[in-house]
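K.L.:
What shape does this take:
(2 chains)
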2 protein chains.
Amino acid sequence: MGKVRSETIMHWDGSMSTREPSPMLPRIPDNDDLILYDYEYNASLIPPVSAAHKGMWRYSALLPLDDQEVRYPLFVGNTPLIAPDPLRQLTQLPRLWLKDETRTPTGSNKDRATALVLEYALRNKIGVVSCASTGNVAVSLAVGAAASGIKAVNFVPAHVSESKLRIMQLAGATVFKVEGGYECAFAFSRKAARLLGWGDRNTGVNPLTLEAKKTVALEIWEQLGWRVPDVLVVPVGDGITMSAMVKGFRELKACGVTERLPRIIGVQAEYCQPLKEAWERGEVALQRRYQSSARTIADGIAVDAPIGAALALHDIQESKGAFVAVSDDDTLHAISILARYAGVLAEPAAASTFACLKPALASGLITPDDEVVLYITGSGLKQPQYLAPERPSSHLVHDFAEVERILSSF
Amino acid sequence: MGKVRSETIMHWDGSMSTREPSPMLPRIPDNDDLILYDYEYNASLIPPVSAAHKGMWRYSALLPLDDQEVRYPLFVGNTPLIAPDPLRQLTQLPRLWLKDETRTPTGSNKDRATALVLEYALRNKIGVVSCASTGNVAVSLAVGAAASGIKAVNFVPAHVSESKLRIMQLAGATVFKVEGGYECAFAFSRKAARLLGWGDRNTGVNPLTLEAKKTVALEIWEQLGWRVPDVLVVPVGDGITMSAMVKGFRELKACGVTERLPRIIGVQAEYCQPLKEAWERGEVALQRRYQSSARTIADGIAVDAPIGAALALHDIQESKGAFVAVSDDDTLHAISILARYAGVLAEPAAASTFACLKPALASGLITPDDEVVLYITGSGLKQPQYLAPERPSSHLVHDFAEVERILSSF
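P.N.:
Alright, predicted model coming up:
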């Protein structure tokens, strides 16, 4: 890795302070600081095309890992950046791209953070890692830990999705269903990890999760031919995924290989938009808390009290971006469009990035000439109830004459 | 591509004949011959590490494509070859690998054949492509065609899985549900394609499908550090996937970069094992037909009358391999083991490759020192009913004292 630098620490609330770096993170780190590196316009932190490490680990000089062989056995990172022509035609956006994270081990961008936390656990002989999660993170940790020979302990709300619960159990995780919902599960998870010396994979608590997530920004830049897009559209729940994007592009600037950030558009669900509302009021931190997350289908971004709120509000401003909220109906329609015009099976939170295009174009946040990347954060296959055709249609036939009759009417 | 060679054609029944090559396949080819190239110990048909094309297209010199830019927009190929340590420990097979095709656009190896057929259609302005399928192929074609702006027409049995049907519809395919089962669907599909000049994506009919599938063998060799494994375990339904593996390794020999084939172990389901039984009787083609495919959970390999039977029986012998049949119970257990010890969520047909290890080790088909690759052909996420824990367990808790009590009993 690049030398972790000593001077400046940016805190979650966007403030900066100075202190000595921790002496190489003796165990899974558990603090609220960003990890910074000794960038100093040092382009050698950027991997050459022929880098030995593959996938996410290409960027090991910008990850808090020393230069050992990677032990994590699942392949993570280097997800496709695609541009299906039918989607560009439909939207009349000739420079539209999808960063497709449906192609990870468990079908969500959570697999990056899981990979880095477990790689860290493997190197430091940490045998148990836990998390609180409403679904995707817990599935990701259960599966990744199984492949690593590490014990996963998941704290989930008692009403967790049955299909996701079954995958956690299939992969051998210990699962606590917590009466009291996600926040209670989060508190139990933190307490158990502290008490028992487990690794803590909670996003927004363990800074490794943000470090892993930022590799998406680095990949987008590289896949565009070492170019920063004009706009990056990111689903925003707790704010960490969005801030990780900004940190990734900020680090490219700090390494001297790019000159600007993309404008970040953070997408929230209409029923749960604490960050968008705070941003419109000009707040730098949340003043009040939401209690409506359960009402939206986009569970991946339904967070009432985003742990990364202050940093997210800081970052969206630094990127000259904006928050947009979209309705569940528009998100369902977006799932259909992404399947029909791009061959991508997206979950609701991921499809919300497409739903945001229309309002963003109408308000001028995006112009048709912009190079726009939608961050498709997860696969719909784990929530098949939302992979539903808007107008289901099929033809039951008994003989070929019926086939011909139907086809002749097309 | 390498020049398609004129001298020798190998037919599906394993016989060879001589004829002129077709003049570069003016439309989606529709014949029963294998496509051969001008190998002549020509290692230049093997891509360098830095090849411009990515994924499956790296091997374009061994595909029947001229050297244009690839238009197919979804990323296909270069799936991970992984070796989770817990699985090696459990099996005591220190050289065990999984070739993980759960990581394709629609979670099955069918996406390779879809990609090549649609690439061909895009280059030749073929606007409609059809197939018959019990599920995975139809989903793959529907999604791939959507991304390509091509119309997909799927003929499926009337009892097709509801979740797979919904994905086809979501992606905008025209779906004919055929009373009369798969074989009737197949006949209708062939007839409609011929009548209307559509592209025909049916495996075993369109030789492009086999060409695409063989790239898995090329990738395994490359990912092992340009080494042929001792054993490759492949699920076998219609026989084409297995014969594609043999063709891939045979071509590496013909290019002069390897010296031998791996032993191929073809896995069939106990309830539907026409190829295994024919092979045990020493037949070179099927003498009688099965009618029991509907009884096994491994629908991906449940084929009563394998279209590639003769070639498969020829190829398994050439590779000095064997057929093994496994029970549904062992396959369900294998799904659980792959999740718990490898972090791979496999569908039944894919997991059958793991189920076959025990009998293959017992009978000496595999020895513990062998380098063994299991071909994990598809993801379980499309059939979540089989992603079920053998002993579902979770702990409902109301306060942290309960968590502590439960953990102390571990």
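K.L.:
what residues does the stretch 151-300 of chain A put near chain B?
P.N.:
By C-beta under 8 Å from any C-beta of the partner chain, the residues of the stretch 151-300 of chain A that approach chain B are A:158, A:163, A:165-167, A:169-172, A:174-180, A:187-188, A:191-192, A:195-196. C-beta: built from backbone N, CA, C; applies to glycine.
K.L.:
Do a quick rundown of the helices in the stretch 1-150 of chain A.
P.N.:
Taking DSSP state H, counting those that start in this stretch as the test, the helices found in the stretch 1-150 of chain A are A:85-91, A:110-123, A:136-148.
K.L.:
now do the stretch 251-400 of chain A
P.N.:
Using DSSP H, counting those that start in this stretch, the helices of the stretch 251-400 of chain A run over A:274-280, A:309-318, A:328-342, A:348-355, A:357-362, A:400-408.
K.L.:
Highest mean neighbour count out of those?
P.N.:
Neighbour counts (mean count of other C-beta atoms under 10 Å in any protein chain shown) averaged over each of those peak at helix A:348-355, with a mean of 30.
K.L.:
From the rest of the structure, what touches that one?
P.N.:
For helix A:348-355, the external contacting residues (C-beta atoms under 8 Å, 6 or more residues apart in numbering or on different chains) are A:101-102, A:233-235, A:237, A:267-269, A:296-301, A:326-328, A:330-335, A:337-338, A:346, A:374-380, A:383, A:386.
K.L.:
Please put the alpha-carbon coordinates of it into CSV.
P.N.:
Extracted C-alpha coordinates of helix A:348-355, given in CSV (Å, rounded to 0.1, in the frame of the first residue of the first chain):
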residue,chain,number,x,y,z
PRO,A,348,-35.0,-1.6,-6.7
ALA,A,349,-32.2,0.5,-5.1
ALA,A,350,-30.0,-0.1,-8.1
ALA,A,351,-32.8,0.7,-10.6
SER,A,352,-33.5,4.0,-8.8
THR,A,353,-30.5,5.4,-10.6
PHE,A,354,-32.2,5.0,-13.9
ALA,A,355,-35.5,6.4,-12.5
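K.L.:
Now do that helix: distance to the chain's middle.
P.N.:
Centroid separation for helix A:348-355 versus its chain: 12 Å, with C-alpha atoms, centre = their mean, to the nearest Å.
K.L.:
Can you check what angle separates it from helix A:328-342?
P.N.:
80 degrees (axes from the mean of the first three to the mean of the last three C-alpha atoms, to 10 degrees).
K.L.:
Give me the number of neighbouring residues for the closest residue to chain B within the stretch 251-400 of chain A.
P.N.:
Using C-beta to the nearest C-beta, A:G343 is the residue of the stretch 251-400 of chain A that sits closest to chain B, at 2.9 Å. Other residues near A:G343 number 31, with proximity taken as other C-beta atoms under 10 Å in any protein chain shown.
K.L.:
A:S50 too?
P.N.:
A:S50 has 7 nearby residues by other C-beta under 10 Å.
K.L.:
check contacts around A:A212.
P.N.:
Counted by C-beta under 8 Å, 6+ apart, A:A212 has contacts A:56, A:63, A:112-117, A:244.
K.L.:
nearest to A:A142, of the residues you listed?
P.N.:
Relative to A:A142, the closest of the contacts of A:A212 is A:T114; by C-beta to C-beta it sits at 9.3 Å.
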